[in-house]
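A.B. asks: I would like to see how this sequence folds:
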Amino acid sequence: MTIIVEKPELGSEVEGKKHLSETKEETASKNGFVAPDINSFGNSFRDYNAESVRQKSVEEFYRLQHINQTYDFVKRMREEYGKLDKVEMGIWECCELLNEVVDDSDPDLDEPQILHLLQSAEAIRKDYPDEDWLHLTALIHDLGKVLLLPQFGGLPQWAVVGDTFPVGCAFDESIVHHKYFKENPDNNNPAYNTKNGIYSEGCGLENVKISWGHDDYMYLVAKNNGTTLPSAGLFIIRFHSFYPLHSEGAYKHLLNEEDAKNLKWVQVFNKYDLYSKCKDQIDIEKVKPYYMSLIEKYFPAKLKW
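C.D. replies: Residues are numbered from 1 along each chain as shown. The predicted structure is shown next:
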């Protein structure tokens, strides 16, 4: 069973402050999370054109992603990985596997992913101490990146990480490195290359296929293993990389009323997902008992992956 978390004041809070991915405002509250000014390479966050040791590899990643993420590919991946027949393990065990993973699409960080998970969770825990579901959501939001590992199928990076976007309708120009979509077969398919494509306005994102990757996979894992996270948590897990929507305002014509409410939580979460990326270390053993208690509260001991 899932519950819906509604926080009426959240709308005015988000509107009252400019969204941090746009303003790079540093301090959320007097004693809360302080966002760094620059990423690990000395550049602005999400600057895909800045010269760095990662710039060329990141652009090549997006070239491959944009060519290969078609409607048929996404449909096939959801059917295959929705079976959840690869591995059986607990949440924390899966977190530890992320020590082996580095995200090739990330222009901000080249550290193992488990560090990013704990940085995000601890930062949001400071500012939202009473929303324990949000702390756990931050911890697990990127767990789907285990798809890169052999025991989960060893998928290529372009099928696991990076910004996400709908398939089955036109690729919005706000998507990073949009130029590479010209080689995507769906771009020339009249069934898929209009604003609505195969969808209708207000149909709801639950009915929209999103480019395949760790977000959608972890959403399927959580939902189909019976998590009791609220719908806002599941929404964050599935759409936290959907930057064209939550940062650029694209595709809003597809949202329904519940999507619009949950989108505000994604916009809150995004600050902690993005601006917590740094080389500061977290004492894993110190914080582990707290997160283990949340895992026990919201998930079964073992999950099918």
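A.B. asks: ok, the spatially closest residue to residue 132 that is not a sequence neighbour - contacts?
C.D. replies: Spatial nearest neighbour of residue 132, chain neighbours left out: residue 294 (5.7 Å); criterion: C-beta to C-beta, 6 or more residues apart in numbering. In short, each C-beta sits where N, CA and C put it, glycine included. Neighbour list for residue 294: 132-133, 135-136, 139 [criterion: C-beta atoms under 8 Å, 6 or more residues apart in numbering].
A.B. asks: and of those residues, the nearest to residue 67?
C.D. replies: Among the contacts of residue 294, residue 139 lies closest to residue 67 (C-beta to C-beta), at 32.8 Å.
A.B. asks: ok, the residue lying closest to that closest one once chain neighbours are set aside - how many residues close by?
C.D. replies: Sequence neighbours aside, residue 121 is the residue nearest to residue 139 in space, at 4.3 Å (criterion: C-beta to C-beta, 6+ apart). Neighbourhood size, residue 121 [other C-beta atoms under 10 Å]: 24.
A.B. asks: so the residue nearest to residue 132, which state does it fall into?
C.D. replies: Of the three states, residue 294 takes helix according to DSSP: H, G, I helix; E, B strand; the rest coil.
A.B. asks: distance of it from residue 134?
C.D. replies: 10 Å (C-beta to C-beta, to the nearest Å).
A.B. asks: and the helix or strand hosting residue 115, average pLDDT?
C.D. replies: According to DSSP states H and E, residue 115 maps onto helix 113-127. Taken as a whole, helix 113-127 carries a mean pLDDT of 87.
A.B. asks: residue 224 - nearest residue in space that isn't next to it in sequence?
C.D. replies: residue 84 (5.9 Å).
A.B. asks: could you do residue 177 as well?
C.D. replies: Closest to residue 177 by C-beta to C-beta, 6+ apart is residue 62, at 4.0 Å.
A.B. asks: pLDDT wise, what is the residue nearest to residue 224 at?
C.D. replies: Confidence for residue 84, expressed as pLDDT, is 98.
A.B. asks: centre-most residue in this protein?
C.D. replies: residue 240 (3.2 Å; C-alpha atoms, centre = their mean).
A.B. asks: who's in contact with that one?
C.D. replies: With C-beta under 8 Å, 6+ apart, residue 240 has these contacts: 141, 215, 266, 269-270, 273.
A.B. asks: pick out the lowest-pLDDT one from those residues.
C.D. replies: Minimum confidence in the contacts of residue 240 sits at residue 273, scoring 83.
A.B. asks: shouldn't that residue be in contact with residue 120?
C.D. replies: Yes - between residue 273 and residue 120 a contact is recorded at 5.4 Å, counting by C-beta atoms under 8 Å.
A.B. asks: between those two, which contacts overlap?
C.D. replies: 138, 141.
A.B. asks: higher neighbour count, these two?
C.D. replies: Using other C-beta under 10 Å as the criterion, residue 273 and residue 120 rank with residue 120 on top: 26 against 22.
A.B. asks: from what I see, residue 259 and residue 205 are in contact.
C.D. replies: Yes - proximity of residue 259 to residue 205 meets the contact threshold set by C-beta under 8 Å, at 5.1 Å.
A.B. asks: any shared contact partners between the two?
C.D. replies: With C-beta under 8 Å, 6+ apart, residue 259 and residue 205 have common neighbours residue 235.
A.B. asks: confirm residue 200 sits in a strand?
C.D. replies: No - checked against three-state DSSP, residue 200 lies outside a strand; its state is coil.
A.B. asks: quick check, pLDDT for it.
C.D. replies: Per the predicted model, pLDDT is 98 at residue 200.
A.B. asks: and it, how many neighbours?
C.D. replies: 11.
A.B. asks: tell me how far it lies from residue 208.
C.D. replies: 10 Å.
A.B. asks: now do the phi/psi pair for residue 88.
C.D. replies: Main-chain dihedrals, residue 88, degrees, to the nearest 10: phi -130, psi 120.
A.B. asks: so where do the helices sit in the stretch 1-150 of the chain?
C.D. replies: 9-16, 20-23, 55-68, 71-81, 91-97, 113-127, 132-140 (DSSP state H, counting those that start in this stretch).
A.B. asks: in TSV: the ones you listed, plus distance to residue 233.
C.D. replies: Rendered in TSV, the data for those read as follows (distance: least, C-beta to C-beta, whole Å):
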stretch	distance to residue 233
helix 9-16	14
helix 20-23	20
helix 55-68	26
helix 71-81	20
helix 91-97	13
helix 113-127	12
helix 132-140	4
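A.B. asks: which one of those helices lies nearest to residue 171?
C.D. replies: helix 55-68 (7.6 Å).
A.B. asks: buried residues in the closest one, which are they?
C.D. replies: Neighbour-count burial for helix 55-68, counted by 16 or more other C-beta atoms under 10 Å, picks out 55, 58-59, 61-68.
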